[in-house]
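Sharing a sequence plus its predicted fold:
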Amino acid sequence: QVQLVESGGGLVQAGGSLRLSCAASGLTFSNYAMAWFRQAPGAEREFVTAITWSGSVTKYVDSVKGRFTISRGNAKNTVYLQMNNLKPEDTAVYYCAASDWARGGLPIIRALYNSWGQGTQVTVSS
């Protein structure tokens, strides 16, 4: 049974930083692409960033480029999201997701991620 457990969320002032972690179990972690999505109140869950199994390729939504960095430690079965220069519009529940997509490329579509964590709240005050 795959389990993804996020941690590191919290309340931070605009301009501050947070580091999210997602610990994975029940899967061969190095076989999976990993991603972070987020969902603000009243909004759809949206793609934020993803990383290939090797960590060699990453993708970001335009709104976080230059501020967020995704990384992974395959030896620790963990994926990270370093978030700097946070803005109030980054406020959301952040979800970790895993994909065993094997047809090439790095998926950014929610439907291609088949395992999800419970989410961690990030609140940025102005």
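Okay, I see it.

count of neighbours near residue 106?
Applying other C-beta atoms under 10 Å, we find 18 residues neighbouring residue 106. C-beta here means a position set from N, CA and C on the backbone, and glycine is covered the same way.

distance of the closest residue to residue 119 other than its chain neighbours from residue 43?
In space, and not counting its chain neighbours, residue 119 is closest to residue 93: 4.2 Å by C-beta to C-beta, 6 or more residues apart in numbering. Distance, residue 93 to residue 43, by C-beta to C-beta, to the nearest Å: 10 Å.

And the two? Which one has more around it.
Neighbour count, other C-beta under 10 Å: between residue 93 and residue 43, residue 93 has more, with 18 against 9.

Verify the contact between that one and residue 36 for me.
No: using C-beta atoms under 8 Å, residue 93 makes no contact with residue 36, being 10.9 Å away.

Where does the residue minimising distance to the centre of the chain fall, secondary structure wise?
Of all residues in the chain, the one closest to the mean position by C-alpha atoms, centre = their mean is residue 36, 2.0 Å from it. Secondary-structure assignment from DSSP states H and E places residue 36 in strand 33-39.
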